[in-house]
Structures are given as C-alpha cells and as structure tokens.
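Student: The sequence and its predicted three-dimensional model are supplied below.
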Amino acid sequence: MLNRAIAFLATLCCLSLTASVGQADEASKKQALSLVSSGDNTQVAEGIKQLAASGDESALFILDALETDRLLLDQSGSVLLKGEDGTLVSALTMKSSEPSGATKIIALNNVARRTLQESLAGLKLTAKDVELRRDAARKLSEYPDEKSVEMVRQLIDAEQDSETKEWMALTIAKVDLQSDDPKRRLLAARTIQSTSDISLEQDLKALVGDNKGTEKDPEVREEMRLALRSVQRHIFWVNVVSNTVYGLSLGSVLVLAALGLAITFGLMRVINMAHGEMLMLGAYSTFFVREFFLSSAPALAEWFLVAAIPFAFLTTFGMGVLLERLVIRHLYGRPLETLLATWGLSLILIQVIRVVFGAQNVTVANPEWLSGGWEAMPALVIPYSRIAVLIFTASVVGFVWFILRGTSVGLKVRAVTQNREIASSLGIPTRRIDMWTFGLGSGLAGLGGVALSQLGNVGPELGQQHIIDSFMVVVLGGVGNILGTISAGVGLGIANKVLEPSVGAVLGKIMLLGLLILFIQWRPQGLFALKGRAAED
C-alpha cells in the first residue's frame with residue numbers, strides 16, 4: 001500500500017510540473033507574439049528573437065509566415081497565420097481560427113527584417129528536415145556576413161548532410177577570404193577550389209589577379225591563384241554547356257522553320273517570303289489557345305500547350321493550302337513574281353495580326369510543368385522549356401521523316417522533287433502533291449511558332465526576324481535535303497550563341513553571312529546535294 005501511495009503522489013507531481021511548464025511555454029509564446037504584433041520595431045525584433053529561442057516547433061512556421069507577409073493581426077489583437085491555401089490558424093495554438101473583425105498584415109522595417117532573416121536561418125539550419133537545412137545554407141552562402149558565419153561555424157561540425165556541409169563551408173570561405181588570419185584565408189582558398197563558385201571570380205582577381213592584388217602571404221597567394229584558375233575553368237565549362245544548350249534550342253526552332261521551306265522549295269522551286277509569317281501564326285495560335293483555356297476552361301489551363309500543337313499545325317496548314325490555291329499555283333515557273341507576291345502576302349498577314357491582336361508583343365507564359373529548370377552543374381540551370389523544345393523538335397523531325405520515307409504520299413513527293421515530268425507521266429497528280437506539300441511546309445513552320453512562343457515574346461514581326469535565318473539554313477544544308485536542313489539549323493543556332501557574347505549580335509550575324517558566302521562559293525549545292533535530275537536544273 002505504501003509503495004502505491006508513493007507512486008501515485010509522484011505521478012501527480014509530474015503531471016502538475018508538466019502542466020506548469022506547458023502553461024509557462026504558452027505564456028512566453030504569447031508574450032513573444034504580443035511583441036511581434038506591437039508595431040514598435042525594437043519590440044518586434046525582440047519578439048522575433050524570443051520566438052526563435054523558444055524551441056517551439058511552430059516558431060519556424062510563424063517566422064516564415066512573417067517573412068512572406070502571411071502573419072496577420074485582427075481587431076481583437078489575436079495573431080493569425082494564413083496558410084498557402086488561404087486558411088487561417090491561431091499563431092498561439094496552431095488551430096483553425098476565425099478572425100475578429102478586419103485583419104492587417106504585420107509589417108517589418110529593415111532592422112526587424114534582418115533580425116528575422118538571421119533567426120530564420122538559425123532555425124532552418126537546426127531543423128530536422130534536410131531540405132530546409134540545405135535551402136538555408138544555400139541562401140546564407142549567397143550573401144554571408146560575420147553574424148551568420150559565426151552561427152555556421154558552431155553548427156558545421158555537427159551537420160551530417162554532405163551537401164549542406166558544402167554550402168556551409170562556402171559561406172565561411174566567402175567571409176574568411178577577407179580575414180586578417182592567413183590560416184583562415186588559406187583554408188578559404190582551398191574550400192573555393194573544391195566548390196568553384198563563380199561569384200568569387202572578381203574577389204579572387206582583386207586579391208591575386210594578374211600577379212597583382214592585396215594578398216602578401218606566398219602560400220596563401222599560391223592557393224588563391226589555384227582557386228582563381230579553378231573558378232575560371234568552371235566558368236568556361238558553364239559557358240560552353242549553356243551556349244550549346246541555348247544554341248541547340250535556337251537551332252531546333254530554325255530546323256522547324258526551315259524544314260517546310262526546304263521541302264517546298266525543293267519540290268516547287270518557290271521562294272516563299274511569307275514562310276516566316278507561318279511561324280508567327282503558329283505562335284499567335286498558341287497565344288489564342290491559352291487565352292481561350294483561361295477564359296473558358298481555367299481548370300485545364302495548364303494543358304493549353306497540348307491543345308495548341310494540333311491547333312497551330314491545322315491553322316497554318318490550312319493557311320498554306322489556301323495561299324497555294326489562290327496565289328502560288330498561278331506563278332509556278334516565275335520565281336521573281338513568286339518572291340514579290342509572297343512578300344506582299346507576308347505584309348498583309350502582319351497587318352492582319354496587328355489589327356486582330358494589336359501591335360504590341362504578347363507573352364505566352366510557360367505552363368507550370370515547364371517552369372523552372374534542371375541544374376546541370378553549379379551555376380548552370382537549363383530551363384525545362386528549352387529541354388521540351390529539343391524533344392518536341394526531335395519528335396516533329398521523326399514525324400516528317402516517316403511521312404517522306406514511310407508513306408505513299410512521301411514517295412510521290414520525292415518522285416516529283418526528283419523529276420516532275422516523269423512523275424506526271426506515271427500518273428502522279430503533281431498539282432495536288434504541290435498543294436498538300438505546301439500545306440505541310442506551312443504546318444511545320446506553325447509548329448516552330450509553338451516552340452518559339454515558349455522561348456520569348458510573340459509579336460507581329462516574329463516571322464521577319466527568322467525568315468533570313470531560315471533561308472540560310474536551307475542554302476547551307478542543301479535545297480530539299482532534310483538531313484542537311486537539320487545539320488545546318490543546329491550548326492547555325494550554336495554558332496549564333498557562341499558569337500553573340502564575344503562580338504555582339506549584329507557583328508556575329510555579319511560574320512555568319514560572310515562565312516556562308518564563302519561556303520557557297522566553295523560548295524554551291526550545300527552540305528548535302530540533292531540527288532536527281534531536278535538538282536541539275
């Protein structure tokens with residue numbers, strides 16, 4: 001009996017102690033929230049520090065809401081936290097709560113915001129969630145200061161995640177690079193060698209660049225030179241990879257634009273100056289589909305691009321057939337008149353677009369599933385939209401290759417391209433083939449417009465900006481040759497992106513035109529000569 005009585009009394013004592021601790025924690029949290037919502041900047045900063053030091057699990061959510069303007073104060077003085085879905089919870093109890101009267105956002109001045117950022121960084125660096133710690137360490141490494149570095153020094157040894165530890169080491173290195181202690185500078189230089197953070201290039205140049213600089217210690221100076229070379233080597237590879245990827249995406253658009261031009265020119269010998277406007281119509285078709293989804297089916301708006309692809313193709317295909325039937329077919333064998341007529345058609349189409357959509361450029365925002373990018377290497381993020389353009393172009397090229405090589409229509413197109421008279425004598429309806437091929441070429445340009453809409457703004461002059469490049473691709477690759485068009489398009493796209501940063505866009509274009517002229521002098525038939533009697537005409 002005595003033992004049971006002692007155990008009962010001990011349990012009562014523990015329960016009362018836990019209740020008193022819980023009440024004390026709630027009281028201190030209430031006091032901290034009162035300071036945060038007081039409106040006095042000194043008290044707000046003090047309240048932030050108390051919340052961060054409280055050890056309460058909800059402190060991170062409260063301070064994060066304060067940073068993102070989601071911490072509210074109602075008329076009764078209660079502090080509410082607004083979730084990302086719009087729901088309100090009490091910051092004190094973290095339970096659902098209704099506001100008393102109107103609410104207002106708890107605002108911060110610069111001093112309080114700095115205190116908040118430091119406190120948040122400390123909470124995130126000690127959080128159980130690895131992603132939170134990585135994100136906090138990455139953000140601290142961007143703009144480190146003495147206070148944050150001292151906090152990181154205390155936590156880095158206990159950190160178990162290797163990626164977080166690397167970011168923390170880089171944070172320390174960026175500050176220690178300017179330290180008075182040569183040992184710290186030496187360690188910072190070695191850390192930078194392993195991370196190759198490109199933002200440190202100018203700092204390292206100021207310290208040891210061109211055999212000058214402020215660093216006097218020989219050992220530290222040598223390590224800093226190695227760090228500078230490592231950073232510059234990393235910058236070189238970032239530029240190579242980024243120029244290649246951006247050049248490939250530009251080349252992909254040129255391939256889509258020039259593919260149809262190569263087919264129609266190789267088949268009908270028509271110089272179609274309105275081909276660029278098919279590209280423009282494809283881009284505006286994408287814009288139209290997006291606006292239609294946003295107004296009529298907002299729940300499906302994220303998938304507008306899937307519907308825009310067939311819509312743009314059919315729109316430009318129909319426009320191509322219409323132009324061929326009404327204008328082009330009356331001018332076969334008269335290249336000068338064809339050039340002038342299609343140039344006039346291009347001006348008409350531009351003015352029609354200006355009347356319908358306005359003269360200003362419009363933006364076709366990427367859907368959410370194409371937003372963001374893939375981090376190929378440190379300091380290089382490749383947008384998903386450009387990756388999607390590469391995949392899309394490869395799919396379209398495969399489709400065209402199948403049409404021309406695997407169907408009876410493709411066989412007839414190749415026959416007419418190689419020798420129109422013999423194909424006609426064998427019963428192939430050459431005029432009908434001309435019509436469908438012209439429509440296909442226009443449809444391919446429309447698909448190029450869909451791709452372009454995801455890479456930049458869309459405007460009435462979009463086609464004019466790409467028509468010359470499209471003709472360059474056709475001439476360089478070989479008239480009527482698909483493999484040549486693909487090779488030339490990709491090559492010119494990469495060459496554009498390599499030349500632009502070093503010599504400028506205008507001079508780069510002039511250099512490319514000069515090289516193309518020299519190439520034509522050497523090889524007039526292009527990279528891949530067209531086979532057949534038509535090639536000799």
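Tutor: Received it, and whenever you're ready, just let me know what you need.

Student: can we go C-alpha only for contacts and neighbour counts from here?
Tutor: Will do.

Student: Can you report how many residues neighbour the closest residue to residue 302 other than its chain neighbours?
Tutor: Among residues not flanking residue 302 along the chain, residue 367 sits closest, at 5.2 Å (Cα to Cα, 6 or more residues apart in numbering). For residue 367, the neighbour count with other Cα atoms under 10 Å is 15.

Student: Ok, residue 88 next?
Tutor: 21.

Student: same deal with residue 415?
Tutor: Residue 415: 19 surrounding residues under other Cα under 10 Å.

Student: How much space separates residue 153 from residue 173?
Tutor: 11 Å (Cα to Cα, to the nearest Å).

Student: Looking at the two, which one has more neighbours?
Tutor: Higher neighbour count among residue 153 and residue 173: residue 173, with 24 against 14, using other Cα under 10 Å.

Student: Spit out the contact partners of the more buried one.
Tutor: Contacts for residue 173 (Cα atoms under 8 Å, 6 or more residues apart in numbering) come out as 185, 187-189, 191-192.

Student: List the contacts of the residue nearest to residue 302.
Tutor: 302-305.

Student: Neighbour-wise, give me the winner out of these.
Tutor: In terms of neighbours by other Cα under 10 Å, the contacts of residue 367 top out with residue 304 at 22 neighbours.

Student: how about the residue nearest to that residue when sequence neighbours are not counted, what does it touch?
Tutor: Nearest non-adjacent residue to residue 304, counting by Cα to Cα, 6+ apart: residue 290, 5.4 Å away. Contact analysis of residue 290 by Cα under 8 Å, 6+ apart lists 301, 304-305, 308, 364.

Student: For stretch 122-132, buried residues please.
Tutor: 122-126, 130, 132 (16 or more other Cα atoms under 10 Å).

Student: okay, how far is it across it, tip to tip?
Tutor: First-to-last distance for stretch 122-132 - Cα to Cα - comes to 11 Å.

Student: mind listing the strands for the stretch 101-250 of the chain?
Tutor: Along the stretch 101-250 of the chain, the segments classed as strands by DSSP state E, counting those that start in this stretch run 103-105.

Student: who's in contact with stretch 337-349?
Tutor: 270-277, 327-328, 331-332.

Student: Okay, buried residues for that stretch please.
Tutor: Buried-residue list, stretch 337-349, by 16+ other Cα under 10 Å: 337-339, 341-343, 345-347, 349.

Student: Would you mind measuring from the nearest residue to residue 351 once chain neighbours are set aside to residue 249?
Tutor: With sequence-adjacent residues excluded and distances taken as Cα to Cα, 6+ apart, residue 351 is closest to residue 460, at 7.9 Å. Note on residue 460: its distance to residue 249, by Cα to Cα, is 22 Å.

Student: Could you pull up phi and psi at the residue nearest the centre of the chain?
Tutor: The chain has residue 383 as the residue nearest its centroid, 3.1 Å off, counting by Cα atoms, centre = their mean. Here is the backbone geometry of residue 383 (degrees, to the nearest 10): phi -60, psi 140.

Student: so how far is residue 371 from it?
Tutor: Distance, residue 383 to residue 371, by Cα to Cα: 7 Å.

Student: Provide a list of residues in contact with residue 276.
Tutor: Applying Cα under 8 Å, 6+ apart, the residues near residue 276 are 257, 346, 445, 462-467.

Student: Which one of those residues is nearest to residue 39?
Tutor: Residue 39 lies nearest to residue 462 out of these, by Cα to Cα, at 52.5 Å.

Student: Now do the contacts for the closest one.
Tutor: Counted by Cα under 8 Å, 6+ apart, residue 462 has contacts 276-277, 279-280.

Student: Where does confidence bottom out across the residues you listed?
Tutor: Within the set of the contacts of residue 462, pLDDT is lowest for residue 276 (87).

Student: what's the spacing between that one and residue 461?
Tutor: From residue 276 to residue 461 the distance is 9 Å (Cα to Cα).

Student: Hmm, residue 252 and residue 389 touching each other?
Tutor: Yes. At 7.1 Å, residue 389 counts as touching residue 252 under the criterion of Cα atoms under 8 Å.

Student: State the three-state secondary structure for residue 428.
Tutor: What DSSP: H, G, I helix; E, B strand; the rest coil gives for residue 428 is coil.

Student: So what does it look like in phi/psi?
Tutor: Note on residue 428: backbone dihedrals following degrees, to the nearest 10 are phi -80, psi 130.

Student: gap between the helix or strand hosting residue 409 and the chain center?
Tutor: Here residue 409 sits within helix 408-418, counting by DSSP states H and E. From the chain centre to the centre of helix 408-418 is a distance of 40 Å (Cα atoms, centre = their mean, to the nearest Å).

Student: Contacts for the helix or strand that comes right after it, please.
Tutor: Heading C-terminal from helix 408-418, the first helix or strand you meet, by DSSP H and E, is helix 420-425. The contact list for helix 420-425, computed with Cα under 8 Å, 6+ apart, reads 412, 415-416, 430.

Student: got the buried residues for helix 420-425?
Tutor: 420, 423.

Student: what is the mean pLDDT for the helix or strand that that helix is followed by?
Tutor: Downstream of helix 420-425, the next assigned helix or strand under DSSP H and E is helix 430-453. Per-residue pLDDT over helix 430-453 has a mean of 88.
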